[in-house]
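Enquirer: structure of the sequence below:
(2 chains)
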Amino acid sequence: MQIDTAIDGAAQAPGPPPRPRLLDAGDAAFTIEFGDVVDPGLVARVQALEAAIERSRHGGGLEGLIETMPTFRSLTVFYDPVVTSRDTLVQALEPLFDNAAPQARADARRWELPACYEPAMAPDLLETAQALGLAPDAIVEHHSRTTFTVYMLGFMPGFPFMGDLPPALYRPRRTEPRVRVPAGSVSIALGLTAIYPWESPGGWHLIARCPVRLFDPSRPRPALLAPGDRVRFRPVAVAEFQRLEQAARGGELDPGQWQIVTSADYPHG
Amino acid sequence: MSIDNVFLEIVSPGAYASIQDAGRRGLRRQGVPWAGVLDRRLMRLANALAGQAEDAPVIECVDGGLRVAARGGAVRVAVAGHAVVEHLSGGTWRAVASWRSLTLAPDEQLRLRGMAAGRLAVLAVEGLALAPVLGSTATYARAGLGGIDGRALSPAVLLPARAARAGPEHLLPEPPARDDAPIRAVPGPQAGHFTTEAQALLTESVYRVTAAADRMGVRLEGPALAHVGAREITSDATVPGSIQVPGNGQPIVLLVDAQTAGGYPKIGTVVSADLARVADTRPGESLRFAWVSAAQGEATARAAETLTRALLARIRAVWPGGVDEDALYRSNLVSGVVDARQPEPPDT
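Expert: Predicted structure coming up:
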């Protein structure tokens, strides 16, 4: 059964990046796949295509297109098959596949988020240190000295998948996922790090807790982070974490305070 | 807040009831699933019967048990779905038909005593209006969005309604029959991550719905679907209808509240026209699947829309005591569940 239809049959070769593949995702969506790994180059291509589609929609085109969902490596297009068809949309979108040059997002922001790595807030820190043959402090140092890039949001509202972990911190997921991961848990798995915005089940290793609200429906853009944003973690003590968490719960914490504003963030003056 | 102090009280939500509408769009990239009713046709029919806009907020009821009361005035409601509906009036429960509107006098009650078939019923309420959150009133409990305080309905919740407008009730003369045809699915996006045998097995076998079936997804049980190579992929987008297959080979059909991305390969995607039937299947009951192409899938969506519009066009006014009611009982009642003409013992 032939399932995945490549737009052209060109094999991967040096030179211009291969054209993306179209994958079927039912009768009301399809996926434009650029690759199958976590790679900043693929993320940039996904973001560029999404931006091009947004421009086209604002120009009044692409009737029946409902929304797009970017991931590490692909863009899924949701549409209403009663209003339009996959053929119509693919025809309209294909020219954008090539013209959407990868570029850094102009509105990408830099954040420094507080994180408490102390044992009470880091149930898997010791075990992770043992598994990796490192001291717990070394884990904290590696993690808090890395500037991560937000690759995508998914899994639950506002959940950021961020990379890349220093290779010393690579670990597979837990073999037994936790039934309850506390809200705010900072976690690692594979080459990635993430923050759980809500209590949920989860299979990643919990090495810290972050008190910042990552999703708030009363904000103009409810998710705090966006793909392309850069994130660092600043270690805080338990007392400071508790103070911040209480303030966040009372709505007294303006998450804008964690954004690092430098002149470089305003290239257009 | 109700403008004329008329409310519909949730006396009991039953197994699980929540406020839903057509759901929220445009936020999947922020990790927010659509939520919304599991069966849009039921929402549109119930709202039309109650004199509401087709996509107005409704109560979606899973597995029956919902019980409501009119407070502060008369409230018009309408049920769509194969529910066993009863009306408490003058201290006596009487069977009434589904697929029609009914006006509850002040303090009268309506209950969905059970389901004659399936799991899903929708109750529409004339005048029910709620403030949307992120563009929708749909309850998404995991993130506390929409509905009443972001949660499923609970006893004593008061929903703002409106005093029932004068005029006839409405009914759907020939409600849609249950459809037991195979669930149609389009192969992909990761069908190539499974053996050819697995792709054939999914449509040649029977899969049983397990108890792990909610608004996020339905876990199935049947012959294991074997992966080719890695059992996990770099996360990509899921869609409502994605059939993801974790390492144990047992498929999970994702529904409207499912996570927006996932790392399990997806062997296929249930077409939108058939997804409500997956959600409507009770734990312990079985499903069959049939592969269709994406183009055939689109045709099923258009055909389903045509059928919904035909059903909406059939809705008509009914006058008390008219022959319509008798016809309705004959066409709707499932024998042996409840006798329409025999009043139930008074509620205790």
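Enquirer: how about A:P17, secondary structure?
Expert: When classified by DSSP: H, G, I helix; E, B strand; the rest coil, A:P17 comes out as coil.
Enquirer: does it touch A:R45 like I think?
Expert: Yes. Counting by C-beta atoms under 8 Å, A:P17 sits close enough to A:R45 to count as a contact (6.9 Å). Placement of C-beta: from N, CA and C, glycine included.
Enquirer: what sits in contact with each of the two?
Expert: Here A:P17 and A:R45 have A:F34 as joint contacts, going by C-beta atoms under 8 Å, 6 or more residues apart in numbering or on different chains.
Enquirer: so for those two, which sits in the more crowded spot?
Expert: Neighbours were counted for A:P17 and for A:R45 using other C-beta atoms under 10 Å in any protein chain shown; A:R45 has more, 24 against 13.
Enquirer: confirm that one sits in a helix?
Expert: Yes. For A:R45, which was evaluated using three-state DSSP, the result is membership in a helix.
Enquirer: mind checking pLDDT for it?
Expert: At A:R45 the predicted local confidence, pLDDT, stands at 91.
Enquirer: can you name the element that comes right after the helix or strand containing B:T269?
Expert: If you go by DSSP states H and E, B:T269 is part of strand B:266-270. Note on strand B:266-270: by DSSP H and E, the next helix or strand toward the C-terminus is helix B:272-279.
Enquirer: what is the neighbour count of whatever residue of the stretch 101-250 of chain A ends up closest to chain B?
Expert: Closest approach of the stretch 101-250 of chain A to chain B (C-beta to the nearest C-beta) occurs at A:G154, with a separation of 3.0 Å. Residues within reach of A:G154, counting by other C-beta under 10 Å, total 30.
Enquirer: for A:E118, same thing?
Expert: Using other C-beta under 10 Å, the number of residues around A:E118 comes to 17.
Enquirer: all strands of the stretch 101-250 of chain B, in order?
Expert: Remark: strands assigned in the stretch 101-250 of chain B by DSSP state E, counting those that start in this stretch are B:109-115, B:120-125, B:158-160, B:169-171, B:183-187, B:207-213, B:217-221, B:236-237, B:242-244.
Enquirer: helices along chain A, start to end?
Expert: Listed in chain order, the helices of chain A (DSSP state H) span residues A:40-58, A:86-99, A:125-132, A:136-144, A:238-249.
Enquirer: next one: the residue of the stretch 101-250 of chain A closest to chain B, what pLDDT does it get?
Expert: Model confidence at A:G154, expressed as pLDDT, equals 92.
Enquirer: does chain A sit close to stretch B:122-134?
Expert: Yes. With C-beta under 8 Å from any C-beta of the partner chain as the threshold, stretch B:122-134 lies in contact with chain A, specifically through B:V133, B:L134.
Enquirer: which of the residues in that stretch are buried?
Expert: Of all the residues in stretch B:122-134, those buried under the rule 16 or more other C-beta atoms under 10 Å in any protein chain shown are B:V122, B:L123, B:A124, B:V125, B:E126, B:G127, B:L128, B:A129, B:L130, B:V133, B:L134.
Enquirer: lowest pLDDT pick from those?
Expert: Looking at those, model confidence by pLDDT dips furthest at B:A129: 92.
Enquirer: gap between it and chain A?
Expert: Counting by C-beta to the nearest C-beta, to the nearest Å, the gap between B:A129 and chain A amounts to 19 Å.
Enquirer: near the closest residue to that residue other than its chain neighbours, how many other residues are there?
Expert: Counting by C-beta to C-beta, 6 or more residues apart in numbering or on different chains, the nearest residue to B:A129 once its immediate chain neighbours are dropped is B:P160, at 6.7 Å. The local packing count at B:P160 equals 17, with neighbours defined by other C-beta under 10 Å.
Enquirer: pLDDT score assigned to B:P160?
Expert: B:P160 is assigned a predicted lDDT (pLDDT) of 97.
Enquirer: that one contacts B:A131, correct?
Expert: No. With contact defined as C-beta under 8 Å, B:P160 and B:A131 do not form a contacting pair (10.2 Å).
Enquirer: for the residue nearest the centre of chain A, list each beta-bridge partner.
Expert: Among the residues of chain A, the one closest to the centroid is A:M152, at 2.2 Å (C-alpha atoms, centre = their mean). According to DSSP bridges, A:F161 are recorded as the beta-bridge partners of A:M152.
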